[in-house]
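Peer 1: A structural model of the following input is requested.
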Amino acid sequence: MSSISKKDAQKKLKEEKKRIKEEQKRLKKENKQNKKKGAPAKPAVGQVIGSPTNFSHDTHVGWDTEHGFEVCLKPVLHAP
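Peer 2: A predicted model of the protein is given here:
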C-alpha cells in the first residue's frame, strides 16, 4: 500500500484545481467566440445535466382563492 504525504496531496489538489480553472477559462473563451458565430454553447467542466428519464406527471397542485390548494391525482390504470 503506497502512502502519499500531506504536502504531496495538497500539491496535487492545487494542481488539479489549477487545471480545472484553466479548462473552464478556455471553455468560456471558446463559448464566447462560438456565440459570435451563432454556435450553441458547450457546458462548463462538471456542469453537464442530462434530461430526466421515465418522467411521469402523476399529480397536479392547483390554487383557488375560494378553496385554497387542490391536489389532483392521476388515476392509476391496471392491466387486466
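Peer 1: So the one residue sitting closest to the centre of the chain: helix, strand or coil?
Peer 2: In the chain, the centroid-proximal residue (C-alpha atoms, centre = their mean) is I49; its distance is 3.6 Å. Under DSSP: H, G, I helix; E, B strand; the rest coil, I49 falls in the coil class.
Peer 1: so what pLDDT did it get?
Peer 2: Here the pLDDT value assigned to I49 is 71.
Peer 1: now swap in the one 3 residues further on and tell me
Peer 2: According to the per-residue confidence, P52 scores 78 in pLDDT.
Peer 1: Also the one 3 residues further on?
Peer 2: Per-residue confidence for F55 comes out at a pLDDT of 79.
Peer 1: next one: L77
Peer 2: We have a pLDDT of 57 for L77.
Peer 1: all helices for the chain, in order.
Peer 2: Using DSSP state H, the helices of the chain run over residues 6-37.
Peer 1: List the residue ranges of it that fall below the pLDDT cut-off.
Peer 2: 1-2, 39-48, 74-80 (pLDDT under 70).
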